[in-house]
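[1] Predicted model and sequence follow; I will ask about them next.
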Amino acid sequence: MIAMTDQPESFPSIPIDPALLAELEEITSDPSLVIDTAVRQWLQRRAIKESDISRPMPVNPLVPPRGEWND
């Protein structure tokens, strides 16, 4: 049985530039929330770009019959 606790899962820490962290702390009281939101938005835009890349290529136009331009 899995024990449910009130504490969130522990994740490895990620090194962040101290100057960037200081700027974030001037703007918000919770920089981790800002970083989390930014990463989620970045991943969402990346998924949209990948779906654009995976679109099927349009079929080449048919060659017009002789006499129009391909004599």
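    Good, I have the coordinates. Residues are numbered from 1 along each chain as shown.
[2] all helices of the chain, in order?
    Applying DSSP state H to the chain gives helices spanning 18-27, 31-53.
[3] in the shortest one, what counts as buried?
    Put plainly, it is helix 18-27. Leu24 (16 or more other CB atoms under 10 Å). Where C-beta positions appear, they are placed from N, C-alpha and C, glycine not excepted.
[4] Tell me who's in contact with Leu24.
    Applying CB atoms under 8 Å, 6 or more residues apart in numbering to Leu24 gives the contacts Pro31, Val34, Ile35.
[5] Dump those to a markdown table, plus distance to Glu9.
    What follows is those, written out as a markdown table (distance: CB to CB, whole Å):
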| residue | distance to Glu9 |
| --- | --- |
| Pro31 | 19 |
| Val34 | 20 |
| Ile35 | 17 |
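[6] Show the buried residues in these.
    Judged by 16+ other CB under 10 Å, buried ones among the contacts of Leu24: Pro31, Ile35.
[7] if we can go back for a sec, possible to save the helices of the chain as CSV with mean pLDDT and distance to Pro12?
    Below are those laid out as CSV (pLDDT from 0 to 100; distance: least, CB to CB, whole Å):
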stretch, mean pLDDT, distance to Pro12
helix 18-27, 91, 17
helix 31-53, 81, 14
